[in-house]
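Colleague: got a predicted model here, sequence first, then my questions.
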Amino acid sequence: MSQSPPSMRALIAFEATARLGSMTAAAEEEGTTQPTISQRIRVLEEHLGLPLFNRKGGRLTLSAQGERFHREIAPGLKEIRQACERLMRHGERPPPAVAIAAGSGFMHLWLRPRLPALKRAFPDFTFKLLPTDRADDPALQAADIAIRFGPYMAQEPGRRVASEAVFPVCSPDYASEHGLAGTLTASDLTRLSLLHQDIKDPRWLDWAQWCRQAGLSLTPEEDAFSYHNYALLLNAALAHQGVALGWSLLVEDYLASGELIALGPRVMRQDYGYWLSVKHHRSALVEPIGDWLLDAVHRAPSGANA
């Protein structure tokens, strides 16, 4: 017997005939003729040096050797078919990668919890997240999708993701301990531990600016300890350590789950918010992803169903 493997066409003809019980049915499945299937099986039998079918009485049945051979090769041929189908669907190119740049607070608190849903919605893409902390971070220019926080800027057009709404938040335990509910007054703020962030960025309100916007005649002093980023600051609020300023989009999951509660007053700045832009030369590819992100902002918070 030859040591070279038989042809793939011969193996496929045999497997289809054995599975379907008919050379005619195998020919229909493979898009060829019954004589062609018969010839390929004959070539396979000659190659192996033994009959794979019994051909007596006008009926075609597997021989004992044929049954065993079919059991052994059928799984492998199935895997080969599936591999070919996957390759034809996806091609030889790697899945397209999409880079999304946004502030670290937005990235950690809003986008990261929704990343599994984004991947399910776009299974043929890979995503690279680029957290930024500066308005002039080069990542915002380089990313396929950039989500910028700040005022509307005519030279940097983008679609509004969400308007800015800022209000105090704290844990239910901290509110209960200090008798907090509804709208806070300047007197309330003087007896509370106000959590501060140490990054001075004119785009973001700190407690002093928030008080001026809210019409409260108070200039809160900063604590001896300030938090380096917004996620750490919120973690301190979740741990019942004080009251933080909450940006509605960033704290909505915690409010939905009841881990934080919202207090007043609520401050909104005209034309401030989150803005989404898509790199022009890849717009056809990534625009649907931008649409999905915008739609997700208006869906129920991920924590609402937790």
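Modeller: That came through fine. Since we're looking at a predicted model, the values are computed, not measured.
Colleague: show me where the stretch 101-250 of the chain has its strands.
Modeller: Along the stretch 101-250 of the chain, the segments classed as strands by DSSP state E, counting those that start in this stretch run 126-132, 145-151, 159-163, 166-170, 244-247.
Colleague: TSV for those, including mean pLDDT?
Modeller: Listed next are the strands of the stretch 101-250 of the chain as TSV, based on pLDDT from 0 to 100:
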stretch	mean pLDDT
strand 126-132	93
strand 145-151	92
strand 159-163	91
strand 166-170	97
strand 244-247	96
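Colleague: just put those in CSV and tack on distance to Leu232 and mean neighbour count.
Modeller: All C-beta spots, glycine's among them, are computed from the backbone N, C-alpha and C. Formatted as CSV, these follow (distance: least, C-beta to C-beta, whole Å; neighbours: other C-beta atoms under 10 Å):
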stretch, distance to Leu232, mean neighbour count
strand 126-132, 13, 16
strand 145-151, 18, 21
strand 159-163, 22, 17
strand 166-170, 15, 25
strand 244-247, 10, 26
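Colleague: for this protein, which segments are assigned as helices?
Modeller: 8-20, 23-30, 34-48, 64-90, 104-106, 112-121, 138-142, 172-178, 186-190, 207-214, 230-238, 248-257, 283-297 (DSSP state H).
Colleague: how big is the angle separating the fourth one from helix 34-48?
Modeller: Orientation check (axes from the mean of the first three to the mean of the last three C-alpha atoms, to 10 degrees): helix 64-90 against helix 34-48 gives 120 degrees.
Colleague: the helices of the chain into TSV, with extra columns for distance to Phe127 and mean neighbour count?
Modeller: Formatted as TSV, these follow (distance: least, C-beta to C-beta, whole Å; neighbours: other C-beta under 10 Å):
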stretch	distance to Phe127	mean neighbour count
helix 8-20	38	20
helix 23-30	40	18
helix 34-48	47	17
helix 64-90	17	12
helix 104-106	15	20
helix 112-121	7	13
helix 138-142	14	14
helix 172-178	34	15
helix 186-190	40	14
helix 207-214	33	18
helix 230-238	19	19
helix 248-257	19	20
helix 283-297	9	15
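Colleague: okay, domains of the protein per the record?
Modeller: According to automatic domain parsing, the chain comprises the domains 8-90, 97-162+272-305, 166-262.
Colleague: for the last one, measure first residue to last.
Modeller: The one in question is domain 166-262. Taking C-alpha to C-alpha, to the nearest Å, domain 166-262 runs 10 Å from one end to the other.
Colleague: cool, and stretch 248-264?
Modeller: 12 Å.
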